[in-house]
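> no sequence on this one, just coordinates:
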């Protein structure tokens, strides 16, 4: 291995170490003291509940672990959005589990909590996966009620989705394992079946204090809405559990009886590990985001047997399109080639840039995958579309629009892995969040923005210095350098993969070595939902 490989390897492994450190902190939720307090009440934490519920030694992926990252500092923070969401297996059946974390502000709903819960339901709806709610929440976080209560994609949408999912035949099971108050009380009751834990759980529209204030009735919470009340008097809940483990065991028993599902029919054969060493990814991926490298070498370390077949290999070379298998599943890969390429006409094309021919090729390949019912995997390291008179005269806008059209109207499931750059319209064409990938994740090396930190800082610096000069201020080289560094520092924070994950623009920041698991479990989930419409590009200027 050369020196550059070793430098890249050291750098990227440090990024993965930082990822592990951040995740270890997130797993503590509201902190060890609050975890201990939960245990003293005889209750498991949200993560302990999820781990107990999922099959031992089985694979799982966590959605939105970094939700709320560096947000709500003035309110004490909201680690992981105050809710744990995992896709895993219960009695061998793939399910989504959503568990309120009572160590974070008593499980109260912050704006990001609502967004994360809606994302979990979206995944359940798209993939027709059973969803399990482990409820332990004090309801809406009142200081931020205006950001979580009234809008279309806010708190109330959760219960609307409960109703829609029920009509679709998607299994929903709730376990009330702590507080369940006010509007939040609708979620378990709108599920197919509801379990409540005796003595430590309660459910009511208004607690004892509010009842006393509103109508003058004096009553304790257990009598008002405890397990005995709702299992034996109101009939609101279906099962009484003696403790957390008993409630989770009942869920396992119920899930075990769910029948088989209609399958989409995606091709799957025996899975094989890549022949090439997967850990080489760390040395291949450059430390500098503007450096060139061969994306084919990354693909070889992601696909079964390191085997793939390129579509239009010699045409539109700044995008690689190829057929392969990942963990046995057939996939069509659309990947940005990051090395400088030479066309048959002798012209040089920059790696990571989408040219007319590469956009055209991608459109055709996406159409082929839809016709053959092959899931699509997008590997993003893109700086955008090519600009300049030659590209404009060649119709780059039209070719780019064709590609965006194909991505938008694709009916097979799409999965997006942001490896490096994800800038501007390149993000859109390569199936960014706005284009409904079933799962979208980033490697620690990813950057998401309209443009790179350097480019953006230069543009913003020009605007700011012009403004200051108009006000009569003298801009020295030292002052200009100081302004540039300040602007770039602010912008660089916003292009971090953790900034994006904190706002659920991506589902996770992952170790590159976990990429195969995410794609495999994602396609398995998508296989639960047969494709119900034909691929149609609408009005497309060919």
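Structure's in. What do you need? Note that this is a predicted model, so its numbers are computed, not measured.
> any idea how far residue 49 is from residue 331?
Between residue 331 and residue 49 the distance, using CB to CB, to the nearest Å, works out to 34 Å. The way it works is simple: take the backbone N, C-alpha and C, and place the C-beta from them, glycine included.
> low-scoring pLDDT stretches of the protein, where are they?
1, 453, 540-542 (pLDDT under 70).
> who's sitting farthest from the centroid in it?
residue 472 (47.5 Å; CA atoms, centre = their mean).
> roughly how far is stretch 258-275 from the heart of the chain?
22 Å (CA atoms, centre = their mean, to the nearest Å).
> List the contacts of it.
Under the contact criterion CB atoms under 8 Å, 6 or more residues apart in numbering, stretch 258-275 has outside partners 93, 128, 130, 171, 300-307, 325, 327-330, 373-375, 520, 523, 526-531.
> Looking at the residues you listed, which are in strands?
If you go by DSSP state E, the contacts of stretch 258-275 have 93, 325, 329, 330 in strands.
> need those in CSV with distance to residue 219 and neighbour count, can you?
Output for the ones in strands among the contacts of stretch 258-275, formatted as CSV (distance: CB to CB, whole Å; neighbours: other CB atoms under 10 Å):
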residue, distance to residue 219, neighbour count
93, 41, 17
325, 61, 20
329, 55, 24
330, 60, 19
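> Can you say which two of these are spatially most distant?
93 and 325 (23.9 Å; CB to CB).
> Make sure residue 505 is indeed in a helix.
No: according to DSSP: H, G, I helix; E, B strand; the rest coil, residue 505 belongs to no helix; its state is coil.
> one step back: quick one: which of the ones in strands among the contacts of stretch 258-275 is nearest residue 358?
residue 330 (22.9 Å).
> contacting residues around the closest one?
266, 267, 268, 323, 324, 374, 375.
> buried stuff in stretch 210-222?
211, 221, 222 (16 or more other CB atoms under 10 Å).
> contacts for it?
Residues contacting stretch 210-222 (CB under 8 Å, 6+ apart): 199, 202, 204, 206, 207, 208, 224, 228, 229.
> and the residues you listed, which two are the farthest apart?
Most distant of those, by CB to CB, are 199 and 206, 20.3 Å apart.
> So for these two, which residue has more residues nearby?
Higher neighbour count among residue 199 and residue 206: residue 206, with 16 against 13, using other CB atoms under 10 Å.
> what's the more buried one sitting at in phi/psi?
phi -140, psi 130 (degrees, to the nearest 10).
> for it, what are its contacts?
181, 182, 214.
> for residue 352, same thing?
Going by CB under 8 Å, 6+ apart, the list of residues near residue 352 reads 318, 336, 337, 338, 381, 382, 383, 420, 421.
> now, which of these lie within strands?
336, 381, 382, 420, 421.
> Name the member of those with the most neighbours.
Most surrounded of the ones in strands among the contacts of residue 352: other CB under 10 Å gives residue 382, at 30 neighbours.
> how about that residue, what does it touch?
By CB under 8 Å, 6+ apart, the neighbours of residue 382 are 336, 352, 353, 354, 421, 422, 423, 426, 427, 429, 430.
> would you turn the residues you listed into TSV with secondary structure and distance to residue 25?
Shown next, in TSV, are the contacts of residue 382 (DSSP: H, G, I helix; E, B strand; the rest coil; distance: CB to CB, whole Å):
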residue	secondary structure	distance to residue 25
336	strand	32
352	coil	33
353	strand	37
354	strand	37
421	strand	27
422	strand	25
423	strand	29
426	helix	32
427	helix	28
429	helix	35
430	coil	31
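> just curious, which of these is nearest to residue 147?
Out of the contacts of residue 382, the member with the shortest distance to residue 147 (by CB to CB) is residue 427, at 25.6 Å.
> quick one, what contacts the closest one?
Counted by CB under 8 Å, 6+ apart, residue 427 has contacts 380, 382, 448.
> quick revisit: just send the ones in strands among the contacts of residue 352 back as a markdown table, with distance to residue 175 too.
Converted to a markdown table, these look like this (distance: CB to CB, whole Å):
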| residue | distance to residue 175 |
| --- | --- |
| 336 | 44 |
| 381 | 42 |
| 382 | 43 |
| 420 | 41 |
| 421 | 43 |
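> Name the nearest of those residues relative to residue 487.
residue 421 (19.2 Å).
> Surely that closest one and residue 288 touch.
No: between residue 421 and residue 288 there is no contact under CB atoms under 8 Å: 11.0 Å.
> re earlier: show me which of the contacts of stretch 258-275 are buried.
Listed as buried from the contacts of stretch 258-275 are 93, 128, 130, 171, 300-304, 306, 325, 327, 329-330, 374-375, 520, 523, 526-529; burial here means 16+ other CB under 10 Å.
> what are the bridge partners for residue 417, then?
In this entry, residue 417 is beta-bridged to residue 379, residue 441, by DSSP bridges.
> Looks like it contacts residue 336 (just checking).
No: look at residue 417 against residue 336 with CB under 8 Å: they stay out of range, at 11.0 Å.
> and for the two, which residues touch both?
379, 380.
> can you give me the helices in the stretch 101-250 of the chain?
Along the stretch 101-250 of the chain, counting by DSSP state H, counting those that start in this stretch, helices occupy 111-127, 156-167, 186-189, 208-215, 221-225, 227-228, 244-255.
> Mind putting these into TSV with distance to residue 506?
What follows is the helices of the stretch 101-250 of the chain, written out as TSV (distance: least, CB to CB, whole Å):
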stretch	distance to residue 506
helix 111-127	11
helix 156-167	21
helix 186-189	26
helix 208-215	39
helix 221-225	38
helix 227-228	39
helix 244-255	29
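> With respect to residue 342, which of those lies nearest?
helix 111-127 (41.2 Å).
> Can you point out the buried residues in that closest one?
111-121, 123-127.
> Could you do stretch 375-389 as well?
Across stretch 375-389, burial judged by 16+ other CB under 10 Å covers 375, 376, 377, 378, 379, 380, 381, 382, 383, 384, 385, 386.
> and which of those is nearest to residue 311?
residue 376 (12.3 Å).
> Just grab the bridge partners of the nearest residue to residue 123 once chain neighbours are set aside for me.
Of all residues not flanking residue 123 in the chain, residue 96 sits nearest, at 5.9 Å (CB to CB, 6 or more residues apart in numbering). Beta bridges link residue 96 to residue 87, residue 131, judged by DSSP bridges.
> which other residues reach stretch 312-319?
With contacts defined as CB under 8 Å, 6+ apart, stretch 312-319 is touched by 321, 334-337, 341, 343-344, 349-355, 357-362, 364-365.
> Any idea how far apart the tips of it sit?
10 Å (CA to CA, to the nearest Å).
> Could you do stretch 361-381 as well?
17 Å.
> chain center to that stretch, what's the gap?
On CA atoms, centre = their mean, the centre of stretch 361-381 falls 21 Å from the chain's centre.
> one step back: just the contacts of stretch 258-275: which are in helices?
Counted as lying in helices by DSSP state H, out of the contacts of stretch 258-275, are 300, 520, 523, 526.
> give the contact list for the first one.
The contact partners of residue 300, taken as CB under 8 Å, 6+ apart, are 274, 275, 276, 306, 308.
> Now render those residues as CSV, adding distance to residue 536.
Output for the contacts of residue 300, formatted as CSV (distance: CB to CB, whole Å):
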residue, distance to residue 536
274, 36
275, 39
276, 38
306, 35
308, 28
